[in-house]
Structure formats: structure tokens, C-alpha cells
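> Just to be clear, the model below is a prediction. Sequence and coordinates:
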Amino acid sequence: MRDKTYKQEEILEFIKEALEEFNFIIESKYITKSEFTKFNKFFKNILRLSKKKKNPYFYPNYQGNTSNDEFYWTYPTFHTYEDSKCIGKIITLNIENVPNLDLKAIYRQFPLLIENHELLISLKPFIKLGKRPKDLEKDYEAERLKKASLENKATCGICSDYWELVDMGGEGQKFGLSKNVIADHGFTISRFGSGRNGVCFGARFESWEKSPKVKIEYVEQILKPILEEVKKEEPSEGTLLALTKSIERFKIALDKYYKLSFNERRDVEQPNRPEFMLSGQKVGLLLSTTRPTTLNELVEYWNNYKASIENEIVKFQTSIKNWTLQPTPRERVKQQQ
């Protein structure tokens with residue numbers, strides 16, 4: 001029984017859809033192993049030349065009922081089938097499968113197939129194992145927007161995620177805000193500010209779509225005070241001496257701990273390795289117990305941390321400067337209807 005036949009126009013549409021997916025991968029700057037395999041197969045097969053080849057299994061005196069041709073043809077193929085997902089298509093591009101086939105027209109319409117294949121091959125060193133992250137999936141943002149509109153959510157100005165808009169009174173208010181504010185939610189932003197054991201700083205403010213005030217207050221109340229404290233914490237020889245002594249005390253305490261019996265250890269907390277901690281940090285620089293820590297190491301760590309806070313401030317101030325009034329997800333969806 002002959003396979004389903006296709007029209008030239010359908011093949012062109014299939015190739016267009018495949019290339020749209022490929023372009024999305026390129027623009028996302030992220031490619032998984034399965035995506036690389038799929039599109040390597042796609043480009044190799046679509047660019048394959050039609051050739052007449054000798055059949056290595058040909059037997060001149062074969063008397064069976066099946067075909068035993070001395071030669072066979074290979075053809076270009078539209079190939080996006082993925083065994084692991086059981087999706088995609090395999091269509092041999094010949095006149096039996098595509099009666100009005102015009103390969104030259106296909107290659108004219110898609111002149112960058114070879115160039116795109118070379119681009120794909122150049123990405124081989126950057127292949128990621130596992131699945132594509134959810135936030136890098138095609139149409140992720142559109143689906144996220146649709147869901148947020150149905151649940152009447154808007155963007156938190158700190159964590160940038162969608163959260164419910166609620167009315168809040170009494171002690172729950174901030175700056176006199178009580179209507180359509182972001183609901184309470186937990187969050188940890190980089191290494192600064194409130195952690196997950198509290199409430200995100202952006203809760204109880206107006207959404208980012210409606211006001212930049214949350215970022216303004218975060219810079220003034222959190223980032224700038226932390227930066228001022230960190231500037232006072234530049235490591236010195238005294239800092240290094242204190243940390244060296246803490247490592248020595250840790251080694252003695254750890255040695256005593258391991259000399260305890262198993263049952264005794266169950267009732268004693270294991271000593272924690274000392275850290276070089278700076279203001280605003282929840283996790284600091286773990287100090288080595290096998291080699292001396294140097295002042296240069298501490299100063300470099302301090303400089304990097306200070307620079308990261310300064311960069312965070314600049315990033316927030318840029319967002320504030322560029323802020324414009326925007327519709328919430330629900331308002332955007334209504335405008336599109």
C-alpha cells in the first residue's frame with residue numbers, strides 16, 4: 001500500500017515550520033542534545049542528493065517474491081521524526097510521494113539551508129543535556145500571560161513573577177496602598193535582601209505594570225544600605241588574622257567531634273566550617289582548611305561582591321528610568337480580543 005501523498009505547498013509549509021523552530025532555538029541561545037540531533041538529521045536529509053546506488057544485497061539468481069533490484073535510489077527527505085517522543089514526520093521527496101515536487105523551487109525558497117546546518121554544527125560544543133528549561137520553551141511567555149490573565153495576576157517589581165492582585169487593609173498596607181496590590185509571596189533575590197523565610201519585598205506594592213515605586217524603595221531601603229555596610233567591610237590583615245584563628249578553632253572542634261562515639265555524635269551538633277561573610281549575604285566564602293587563606297583572596301571576593309551590588313543598583317535604576325505605564329495581563333488580553 002502506497003504511503004500518503006503530499007503537495008509541494010504542504011512540504012514548503014512543513015519546512016517553514018521546522019525552520020521557525022530552529023530559529024527560535026538560535027535566538028534563545030540554548031540548545032539541548034535532542035534538539036541538536038533532530039535538526040542535524042533534518043538538514044542532512046533535506047540536503048541529500050538524489051543518487052542511484054548499487055544494492056549491496058543484490059543476488060542475480062534470487063527467486064523470491066520480494067524485490068531484488070540491482071540498483072536503488074536515495075532521495076532528499078523531510079525528516080523531523082523523534083523516536084523518543086513519537087512525533088514528527090519522515091517524507092521521502094520524490095514524485096511518488098509528492099507528485100508536483102519541484103526540488104529546485106524548494107532550495108530557491110530556502111537558500112540558507114546549508115548555512116543553517118553549518119551554524120548548527122558550530123553549536124555542538126554548547127549542547128546542554130536534559131530538557132529545555134520551561135522558561136525557554138517556545139510560546140512559554142504567551143501561555144504564562146494567558147494563565148496570569150485568567151487568575152488576575154500581575155508582575156511583582158522585585159522577583160518579576162506573576163502574582164495575584166488582592167485588596168489588603170490594616171497592617172497589611174504599605175504607603176497607604178490597599179487596592180489591587182501584589183499578594184504576599186516568598187522569594188529570594190540573588191544574594192541580597194529578604195529570603196524565602198520572609199515575604200518578598202515586592203508584596204503589598206502595586207504591580208510593576210502600574211508603578212515603579214517598588215524598585216525605587218528596594219534600592220533605597222535594601223541595596224544602598226547594604227552597599228554602604230559592605231564598603232566598611234574591606235578585608236585587612238586584622239580580618240585575615242581573625243579568620244585564621246577561626247579555622248584553627250574549627251579544626252580542634254572537628255577533631256574532638258570525630259573522636260566521639262557514634263551515639264555521642266547524635267546529641268552533638270557538628271562544627272560548621274568558618275565563612276567570610278559580608279553584609280546582606282546568607283552564604284559567604286567558605287574558608288579552606290587545607291591551605292592558608294590569603295588577604296588577596298579576601299579582597300578579590302570583597303571587590304566582586306561589592307561590584308555585584310553596584311551592578312544590581314544600576315540595573316534597578318535603569319529599569320526605573322525606562323518604566324512606562326503598562327496594562328496588566330488581564331487588561332492586555334482584553335485589548336487583544
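Nice, I can see it. Residues are numbered from 1 along each chain as shown.

> By residue count, which helix of this structure is the longest?
Using DSSP state H to define each element, the chain has its longest helix at helix 295-321.

> That helix packs against which elements?
Judged by 3 or more Cβ pairs under 8 Å, 6 or more residues apart in numbering; DSSP states H and E, helix 295-321 is in contact with helix 213-218, helix 224-231, helix 237-259, strand 285-286. To be clear about C-beta, it is placed using only N, CA and C from the backbone, and glycine gets the same treatment.

> what's the following helix or strand after the strand or helix carrying residue 106?
Using DSSP states H and E, residue 106 maps to helix 103-109. Following helix 103-109 in sequence order, the next helix or strand is helix 113-122 (DSSP H and E).

> Who are the packing partners of that next one?
Counting by 3+ Cβ pairs under 8 Å, 6+ apart, the elements that helix 113-122 packs against turn out to be helix 8-28, helix 33-46.

> same thing but 6 Å
The contact analysis (3 or more Cβ pairs under 6 Å, 6 or more residues apart in numbering; DSSP states H and E) places helix 113-122 against no helix or strand.

> what's the average pLDDT for that helix?
Here the mean pLDDT over helix 113-122 is 94, rounded to a whole number.

> For it, output the C-alpha coordinates as PDB.
Extracted as PDB, the C-alpha positions of helix 113-122 are listed here (Å, rounded to 0.1, in the frame of the first residue of the first chain):
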ATOM      1  CA  LEU A 113      19.800  25.500   4.500                       C
ATOM      2  CA  ILE A 114      23.500  24.800   4.100                       C
ATOM      3  CA  GLU A 115      24.400  27.900   6.100                       C
ATOM      4  CA  ASN A 116      22.000  27.000   8.800                       C
ATOM      5  CA  HIS A 117      23.400  23.500   9.000                       C
ATOM      6  CA  GLU A 118      26.900  24.900   9.400                       C
ATOM      7  CA  LEU A 119      25.600  27.200  12.200                       C
ATOM      8  CA  LEU A 120      24.000  24.200  13.900                       C
ATOM      9  CA  ILE A 121      27.300  22.200  13.800                       C
ATOM     10  CA  SER A 122      29.200  25.200  15.300                       C
END
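
> pLDDT on whichever helix or strand comes after the longest helix of the chain, on average?
Reading on from helix 295-321 to the C-terminus, the next helix or strand found by DSSP H and E is helix 329-336. For helix 329-336, mean pLDDT rounds to 84.

> Buried residues of helix 329-336, list them for me.
By neighbour count, with 16 or more other Cβ atoms under 10 Å as the criterion, the buried positions of helix 329-336 are 329-330.

> In the protein, where is pLDDT below threshold?
Under the criterion pLDDT under 70, the flagged ranges of the chain are 1-3, 58-59, 61-68, 82-86, 168-178, 187-198, 337.

> tell me which residues of stretch 214-223 are tucked away?
Of the residues in stretch 214-223, those scored as buried under the neighbour-count criterion (16+ other Cβ under 10 Å) are 214-215, 217-219, 222-223.

> closest to residue 22 among those residues?
Closest approach to residue 22 among the buried residues of stretch 214-223 (Cβ to Cβ): residue 215, at 36.7 Å.

> Just put the helices and strands packed on helix 295-321 in JSON lines and tack on distance to residue 98.
Supplementary listing: those in JSON lines, determined by distance: least, Cβ to Cβ, whole Å:
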{"stretch": "helix 213-218", "distance to residue 98": "56"}
{"stretch": "helix 224-231", "distance to residue 98": "65"}
{"stretch": "helix 237-259", "distance to residue 98": "73"}
{"stretch": "strand 285-286", "distance to residue 98": "63"}
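
> Please identify the most buried of the ones you listed.
Across those, the average number of neighbours (mean count of other Cβ atoms under 10 Å) peaks for helix 213-218, which reaches a mean of 20.

> what's it packed up against?
Contact partners of helix 213-218 among helices and strands, from 3+ Cβ pairs under 6 Å, 6+ apart: helix 295-321.

> so which of the helices and strands packed on helix 295-321 gets nearest residue 199?
Ranking the helices and strands packed on helix 295-321 by distance to residue 199, with Cβ to Cβ as the measure, places helix 213-218 first at 12.8 Å.

> chain center to that closest one: distance?
Helix 213-218 sits 26 Å away from the centroid of its parent chain (Cα atoms, centre = their mean, to the nearest Å).

> separation between the nearest residue to residue 276 once chain neighbours are set aside and residue 304?
If you skip the residues right next to it in sequence, residue 276 has residue 285 as its closest partner in space, 4.2 Å away by Cβ to Cβ, 6 or more residues apart in numbering. The gap separating residue 285 from residue 304 is 10 Å, by Cβ to Cβ, to the nearest Å.

> likewise residue 147?
The spacing between residue 147 and residue 304, counted by Cβ to Cβ, is 38 Å.

> Regarding residue 131, what is its secondary structure?
With DSSP: H, G, I helix; E, B strand; the rest coil as the basis, the three-state label of residue 131 is coil.
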